[in-house]
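Colleague: this is a predicted model, with the sequence first.
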Protein chains: 2
Amino acid sequence: MPLTSQLQTAGLRATPKRLAIGGLLFDGVDRHVTADDVADMARKAGIKVSLATVYNTLNQFVAAGILKRIILDTDRTYFDTNVSDHHHLFYETSGDLLDVPGDSLRIEGLPAAPEGARVRAVEVVIRMSGTPVSTGSTAG
Amino acid sequence: MPLTSQLQTAGLRATPKRLAIGGLLFDGVDRHVTADDVADMARKAGIKVSLATVYNTLNQFVAAGILKRIILDTDRTYFDTNVSDHHHLFYETSGDLLDVPGDSLRIEGLPAAPEGARVRAVEVVIRMSGTPVSTGSTAG
DNA sequence: AATTATTTTAGAACAATTCTACACTGGGCT
DNA sequence: AGCCCAGTGTAGAATTGTTCTAAAATAATT
Ligand SMILES: [Mn+2]
Ligand SMILES: [Mn+2]
Ligand SMILES: [Zn+2]
Ligand SMILES: [Zn+2]
């Protein structure tokens, strides 16, 4: 689906900044980025956008359901372009965040939600030490 | 184990503030508290302690392995007196954090850690909407 | 008692995020 | 084309949980 329609379907007008930021994120690759990452990506792509707009836009994307907020670190918020239910490998040293591949992971014995409560999400985070496979700076 | 020995075993001198804060936390009940919670508990117990010392002490307890840091919210850090591997129910509206009872929950199909990496922890957070059972303000 | 190391503290600093308040845009309407 | 106006974009201030600093208090050691 073209980004313009995706935004409109999500109830957001296809404005220049939203198209620019969305273009950086929704390119078919599953991405895990911080607001700063996005600001850097924009700068490198020659897109002039304020940090406030980066935050506004990411929050609007989350509210619209086309981006997911992931919390696993006190001092940075990750945004995930993969909005389906899935789990994560978090490399605490480097800050790299990777999807757990496929449906490899199953959870059994989930407690039933008590009356008046509902399960919104079940999130598994595998916290890793060391370095992820083929990510980050390789010699060169 | 008495708190004094517990601190010494953990490599921490049994100072007045550490004993006071430890006394509030390590009473046999599994607790999930924020630094502010601890400051409030101290105030109510007539313990005069600065917020800086609350933070210092909680961080020292974490470093010593007698307290666990839990991150599931951008703007508060929870500390857990249950340092064993276990999982959580998080009521996003109220901020209540509950242990998943017993060993009810099993995870299958964990990916193998790649060379040079190690699994430090596997954490499951069940994010709930609504209100937890018999917690918070009941009529009275 | 003097010396030294550790602890405790108030308040400043920090940093990610949000807020405020104003400027800018752009499409619908005449 | 020229207004209108809601929605958008922005700079910079504000917020807030946490950490840092640097000095005072306390405890241990000689
Ligand atoms: Mn912060
Ligand atoms: Mn904060
Ligand atoms: Zn993901
Ligand atoms: Zn717990």
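Modeller: Okay, I see it. Residues are numbered from 1 along each chain as shown, chains lettered A, B, ... in the order given. Ligands and ions are numbered 1, 2, ... in the order given.

Colleague: skip the chain neighbours and tell me the closest residue to the residue nearest the centre of chain A.
Modeller: Within chain A, the residue whose C-alpha comes closest to the C-alpha centroid is A:D80; the distance, by CA atoms, centre = their mean, is 1.1 Å. Closest residue to A:D80 in three dimensions, ignoring its sequence neighbours and counting by CB to CB, 6 or more residues apart in numbering or on different chains: A:K68, at 4.2 Å. Using the backbone N, CA and C atoms, a C-beta is placed for each residue, glycine as well.

Colleague: likewise A:V119?
Modeller: For A:V119, the nearest residue in space outside its immediate sequence neighbours is A:A113; the separation is 5.2 Å by CB to CB, 6+ apart.

Colleague: quick one: contacts for the one you found?
Modeller: Contact partners of A:A113, counting by CB atoms under 8 Å, 6 or more residues apart in numbering or on different chains, are A:V119, B:M128, B:G130.

Colleague: what's the domain layout of chain A?
Modeller: A:3-78, A:84-128 (automatic domain parsing).

Colleague: dump those domains into TSV; add distance to ligand 3 as well.
Modeller: Listed next are those as TSV, based on distance: least, CB to the ion, whole Å:
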stretch	distance to ligand 3
domain A:3-78	6
domain A:84-128	4
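
Colleague: hey, least reliable of the ones you listed by pLDDT?
Modeller: Ranked on mean pLDDT, the bottom entry among the domains of chain A is domain A:84-128, at a mean of 92.

Colleague: does DNA strand C sit close to that one?
Modeller: No - Domain A:84-128 stays clear of DNA strand C (CB under 7 Å from any atom of the strand), getting no nearer than 10.9 Å.

Colleague: okay, how far is it across that domain, tip to tip?
Modeller: 22 Å (CA to CA, to the nearest Å).

Colleague: setting aside sequence neighbours, what's the nearest residue to A:A64?
Modeller: Counting by CB to CB, 6+ apart, A:A64 lies nearest to A:A10, which is 3.7 Å off, once chain neighbours are set aside.

Colleague: tell me if I'm right that the residue nearest to the centre of chain A and A:L67 touch.
Modeller: Yes - under the criterion of CB atoms under 8 Å, A:D80 lies in contact with A:L67, with a separation of 7.0 Å.

Colleague: so who does A:Q6 touch?
Modeller: A:G22, A:F26, A:I66 are the contacts of A:Q6 under CB under 8 Å, 6+ apart.
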